[in-house]
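1. fold the following, please.
(chains A and B)
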Amino acid sequence: MTRITTSNFQKGIFIEYKNEPHQIVEFQFVNPGKGSAFVRTKLRNVKTGRVYEFTYKSGESVVEVFVNVSEMQYLYNENGKFVFMDQKNYNQISLSEEVTGSFHQYLKEGEIYQIFIQDQEAIGMRYPKKVRLMVSEAEEGVKGNTVTGAKKTVILETGARVTVPLFIKKGDFVSIDAETGEYVERISG
Amino acid sequence: MSNLINNLILREKIIDAVREYFKLEKFHEVETPLLVPSVIPESYLENFTTILFDRRRRRKKMFLTASPESSLKKIIVAGLGNCFEITRSFRNGETDSLLHSPEFTILEWYRVGADYKEIMKDCENLFNKISINLGINNSNISYGNTKIDLAPPWEKITVSKALKKYAMVDFDDITGINSLKRIKKIATDKGYNVSKNNTWEVTFNQIFLNEVEPHLGTNGRPTIIYDYPAILAALAKLKKDDPRLAQRFELYIAGLELGDCYTELTDWKEQNYRFKNELKLIRKSNKNKVVQDDTLIKALKRGLPDCSGMAMGIDRVVMLFGDIKDIKDTKFTFS
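-> Numbers count the residues shown, from 1 in each chain, chains lettered A, B, ... in the order given. Have a look, this model is predicted:
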C-alpha cells in the first residue's frame, strides 16, 4: 500500500476509492471558473465493473493498490466457483458468483479473460461490454408472424437465455450486451 | 484532416455570428494588448511571464494576459460605452485536459448601465443568433449523449438552490461565522478527504464539481447558475440584500461550462483590498509572482460606470456546436 497524489495518476493504475480497489479509466485536469485545479476521473470498480466519476483536488493523496492483470483461460464451473487457468504459469484460480455477478452466464469454456489479482487472490475480472456467442437451441420462427418487434427466447452455447428477433436460428452467432443482457446484433460468419 | 477543416469552418462561422450579434447591438469591437507589464492578481491561475528587452538590453518582466478584462474596463472608463473583444488568453499550467488549453480564444463583452440579468438575455440571444447563422434547428442539438433545446427561456437557478437540490447542503450552513470550519465538517461527513490546508474555495468547489456541476445544462436546456458565494467573485459586485452573495453567473450547456459573468465591482477601495488578498495567496503558493495592475485601480478611482461583463470560451462554443470532445480539435494547434 502506497500513498500517491493526483500528479502520479495514470490510466490503468489501481487506487482505493470508497475502500474498494478501482482502476483509473480516464482522468483530466479541470479548473472551475475562478477556482483551483481539480482532477476529474473515471474509476472502474474492480469487483463490480461499474464506472464512477469522482473529482479530486489537485494534489490530493490517495492509496494506490497493486493489482495484477492476468490473461486467464476459463476452464469450468465447479459448484458455483468459476475456475480459470493462468496462460503463463498454469496456476489455477477461481472466482465466485459474488464477484462475477450475472456475467458468469456468458463465460465460455476455453476463452481468455482478464482477471484482476491482488495478493494472489482473484478480486475481479474485466467485463467485456459485449460478448459474442453461438445460439445452441432455438425454435423456428412462427411462419406468417411478421409483427414488427416480435421476439423469442433462445439458449446460447454457455446456457444463458436471451430474447432475440424471430429470424435468429440455431448455429447463428449473436452479440449480447453483457451489462443489460440484451441482444445487440447477429454476427455473420 | 477533413475533421480539422470542418471544425475550422465551424469556428469561423461562429465567430462571424458573434461579431454580427454585437454589431447589431451597436457594440464597439476593440483590440487590447496581450503583452502587459502588470495583471489582475488571481490566485487560482498562473500567468505566463516573459522578458521584454528595451533598446539598451535592459530587462523588464512582462506578462501575457489571462483575460482582456482589465484593458476593457479601462476603455469603458475612458468612455467608449458598450464594447466587446474576441482575443487570445493565456493561462500557464492548464494542460492535460479536454476542456482547457494554455492558449485559448476568449470573448468578452461589457454592457454599460446593465446588471448581470441583462447579460443572461444576451447569452440566450447570442446562442440563438449562432444557431440561425449555422442554419441548424436550435431546439434539437446534441452534445455527447445530451440533447439540448437552446430556445429561450433557459433554466435559471441560484447556487444556493442548486446546492440544496443536488448536494443537500444548506447555504446558511457553509457561510457566516466559522464558515471554513463548518464547510470542512460537511465535506468530511460526506466522505471527502479534507486536509488542514484546504481553503473554503477548494472545499466548496470539490462538493460543487462532484455533486452539482454534473446536473447543470443536462436536463434538456442550458442552465444559468447565479448568485455565487462572495468569496468566489473577485471582481463582482455583492448583492445589496445579501452581501454573502456576489452578482455572478455561469452558463452551462450539456455539462460544458461556457462562460462567467459579473455585475462589475466599481468600488476602487474594495477592489484594491481584494487584489491585496489575492496577492497574499499568490505569495503563499508556489505560483509565479505577479505585479498588480495599479492602473486598473486608478481607472476605477476615476469612475467605472455601472456595467456588466461576460467572458466566454469560444473554443468551448465550437466544442458544443461541433459535438467535439477535446478542445484541441477545435483549432489548429501544436501537439
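2. for the spatially most central residue of chain A, give me its contacts.
-> For chain A, residue A:127 is the residue whose C-alpha lies nearest the centre (CA atoms, centre = their mean; 1.2 Å). By CB atoms under 8 Å, 6 or more residues apart in numbering or on different chains, residue A:127 lies in contact with A:49, A:103, A:178-179. The way it works is simple: take the backbone N, C-alpha and C, and place the C-beta from them, glycine included.
3. quick one, phi/psi of it?
-> phi -90, psi 120 (degrees, to the nearest 10).
4. how far away is the closest residue to residue B:167 other than its chain neighbours from residue B:166?
-> Closest residue in space to residue B:167, ignoring its immediate chain neighbours: residue B:211 at 3.9 Å, by CB to CB, 6 or more residues apart in numbering or on different chains. According to CB to CB, to the nearest Å, residue B:211 and residue B:166 sit 5 Å apart.
5. about what we covered before: let me have the contacts of residue A:127 in CSV, adding secondary structure, distance to chain B and pLDDT as columns.
-> Shown next, in CSV, are the contacts of residue A:127 (DSSP: H, G, I helix; E, B strand; the rest coil; distance: CB to the nearest CB, whole Å; pLDDT from 0 to 100):
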residue, secondary structure, distance to chain B, pLDDT
A:49, coil, 20, 85
A:103, helix, 24, 88
A:178, coil, 20, 86
A:179, coil, 16, 82
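6. with neighbour count added, can I get those in a markdown table?
-> Listed next are these as a markdown table, based on neighbours: other CB atoms under 10 Å in any protein chain shown:
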| residue | neighbour count |
| --- | --- |
| A:49 | 20 |
| A:103 | 21 |
| A:178 | 20 |
| A:179 | 15 |
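7. name the SS class of residue B:71, please.
-> The three-state label given to residue B:71 by DSSP: H, G, I helix; E, B strand; the rest coil is helix.
8. so it is in contact with residue B:32, correct?
-> Yes: between residue B:71 and residue B:32 there is a contact under CB atoms under 8 Å: 3.4 Å.
9. hey, what's in contact with both of the two?
-> Joint contacts of residue B:71 and residue B:32 (CB under 8 Å, 6+ apart) are residue B:65.
10. more neighbours, these two?
-> Neighbours per residue (other CB atoms under 10 Å in any protein chain shown) separate residue B:71 from residue B:32, with residue B:71 holding more: 23 against 18.
11. where's that one relative to residue B:97, distance?
-> For residue B:71, the distance to residue B:97 - CB to CB - is 27 Å.
12. one more: residue B:49?
-> The gap separating residue B:49 from residue B:97 is 21 Å, by CB to CB.
13. which one of these two is surrounded by more residues?
-> Using other CB under 10 Å as the criterion, residue B:49 and residue B:97 rank with residue B:97 on top: 19 against 15.
14. I'd say the residue nearest to residue B:167 and residue B:165 touch.
-> No: using CB under 8 Å as the test, residue B:211 is too far from residue B:165 to be in contact (9.9 Å).
15. so which of the contacts of residue A:127 comes closest to residue A:42?
-> Nearest to residue A:42 out of the contacts of residue A:127 is residue A:49 (CB to CB; 12.7 Å).
16. and the closest one, what does it touch?
-> A:101, A:103, A:124-127, A:179.
17. same question, residue A:107
-> By CB under 8 Å, 6+ apart, the contact list for residue A:107 reads A:74, A:77, A:82, A:100, A:113, A:158.
18. point me to the helix or strand that includes the nearest residue to the fourth one once chain neighbours are set aside.
-> Counting by CB to CB, 6+ apart, the nearest residue to residue A:100 once its immediate chain neighbours are dropped is residue A:82, at 6.1 Å. Take DSSP states H and E as the rule and residue A:82 turns out to sit in strand A:81-86.
19. can you name the residues in contact with that strand?
-> By CB under 8 Å, 6+ apart, strand A:81-86 touches A:70-77, A:91-97, A:100, A:104, A:107, A:113, A:115, A:122.
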